[in-house]
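Colleague: Give me coordinates for this.
(2 chains)
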2 protein chains.
Amino acid sequence: MELAAIGKVESSLVDPASAPKQGSEGAPDSWVVIEPQMADALDGLAVGDEIFVLTWLHQSDRNVLRVHPRDNPRNPQRGVFSTRSPDRPNPIGLHRVEILAIDGLRLQVRNLEAVNETPVVDIKPVIPTDNAG
Amino acid sequence: MELAAIGKVESSLVDPASAPKQGSEGAPDSWVVIEPQMADALDGLAVGDEIFVLTWLHQSDRNVLRVHPRDNPRNPQRGVFSTRSPDRPNPIGLHRVEILAIDGLRLQVRNLEAVNETPVVDIKPVIPTDNAG
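Modeller: Numbering: from 1, shown residues only, chains lettered A, B, ... in the order given. Below you'll find the predicted structure:
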């Protein structure tokens, strides 16, 4: 089960410690830059679309099974599968964002809380099943 | 970027062709069975929680960049990143489900459209940012 990067994040965020915990908490507008050989896979995406960007959180600790949520020692430890901690066995990031602009292989998106150069592994449209049931 | 299975799906669905396109379209109740060494990571999950189950769609074709949505030749082809096709460069499945029961390392879930023995690679809680903005 080997992932290949389909692109990467371009962002003014460079340090995980300075990144907001969630994109809605003040992430800067960022770009998702797609590999040229993946161009055909972008067809059908449009400005205004809500998408999930899946990333590989390459600075994560994969051996962590329990964390203090939001890195706050006052929060009791819990299992990583009940949190969105980047530290987890398979550090896949799941980011719901809106497409602000499309420029060839570059997608500008709102609220992506990933640092510069984070590998992107998939893009999926948001569908009704993803929303609160 | 190598993924390790944290568990697998137990389902009466065995053939991808018989699986519904989306979980809300008639998937049977299924179980997510977690590896014993991941037990600590489950702490904090509860019956009634909405979670994302991330799977590895092991029967997918990773060379496909364009598809007819929903396998219907009448639908014009589009890029896989604008569809939820299992055929895509990194065949990660994203399934929003509800936990119906927890029995040790086994989570019973509603609306999981993955076939029996599908590897599970991550579990994440649904957070407000995931819902329609």
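Colleague: I'd like the distance between the residue nearest to the spatial centre of chain A and residue A:84.
Modeller: In chain A, the residue lying closest to the centroid (C-alpha atoms, centre = their mean) is residue A:95, at 4.0 Å. Per C-beta to C-beta, to the nearest Å, residue A:95 is found 10 Å from residue A:84. (Glycine included, C-beta is placed from N, CA and C.)
Colleague: what's the nearest residue to residue A:53 if we skip its chain neighbours?
Modeller: Nearest residue to residue A:53, sequence neighbours excluded (C-beta to C-beta, 6 or more residues apart in numbering or on different chains): residue A:95, at 4.6 Å.
Colleague: To clarify, my last question referred to residue A:45.
Modeller: Counting by C-beta to C-beta, 6+ apart, residue B:82 is the residue found nearest to residue A:45 once chain neighbours are left out, at 4.8 Å.
Colleague: where does that neighbour land on pLDDT?
Modeller: Residue B:82 carries a pLDDT value of 97.
Colleague: So what's the residue count around it?
Modeller: 21 (other C-beta atoms under 10 Å in any protein chain shown).
Colleague: Check residue A:35 too.
Modeller: Residues near residue A:35, counting by other C-beta under 10 Å: 15.
Colleague: Can you verify my assumption that it contacts residue A:6?
Modeller: Yes - between residue A:35 and residue A:6 there is a contact under C-beta atoms under 8 Å: 5.8 Å.
Colleague: Between those two, which contacts overlap?
Modeller: Shared contacts of residue A:35 and residue A:6 (C-beta atoms under 8 Å, 6 or more residues apart in numbering or on different chains): none.
Colleague: which SS class is the spatially closest residue to residue A:28 that is not a sequence neighbour?
Modeller: Nearest residue to residue A:28, sequence neighbours excluded (C-beta to C-beta, 6+ apart): residue A:12, at 5.1 Å. Taking DSSP: H, G, I helix; E, B strand; the rest coil as the rule, one finds residue A:12 in the coil state.
Colleague: quick one, what contacts residue A:12?
Modeller: Contacts of residue A:12 by C-beta under 8 Å, 6+ apart are A:28, A:30, A:116.
Colleague: Could you measure from the first one over to residue A:13?
Modeller: Which is residue A:28. The spacing between residue A:28 and residue A:13, counted by C-beta to C-beta, is 7 Å.
Colleague: can you check the last one too?
Modeller: With the distance defined as C-beta to C-beta, residue A:116 ends up 6 Å from residue A:13.
Colleague: got it, and residue A:107?
Modeller: 17 Å.
Colleague: hey, C-alpha coordinates of the longest strand along chain A in CSV?
Modeller: With secondary structure taken from DSSP state E, chain A has its longest strand at strand A:92-103. What follows is strand A:92-103, C-alpha atoms only, in CSV (Å, rounded to 0.1, in the frame of the first residue of the first chain):
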residue,chain,number,x,y,z
ILE,A,92,-3.2,11.1,6.2
GLY,A,93,-4.5,14.6,6.5
LEU,A,94,-8.1,15.2,5.6
HIS,A,95,-8.9,18.9,4.7
ARG,A,96,-12.3,20.2,3.5
VAL,A,97,-11.6,23.3,1.4
GLU,A,98,-13.2,25.5,-1.2
ILE,A,99,-11.6,26.1,-4.6
LEU,A,100,-11.0,29.8,-5.0
ALA,A,101,-9.2,29.8,-8.3
ILE,A,102,-7.8,27.3,-10.9
ASP,A,103,-4.7,28.2,-12.9
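Colleague: so where's chain A shaky on pLDDT?
Modeller: A:18-27, A:132-133 (pLDDT under 70).
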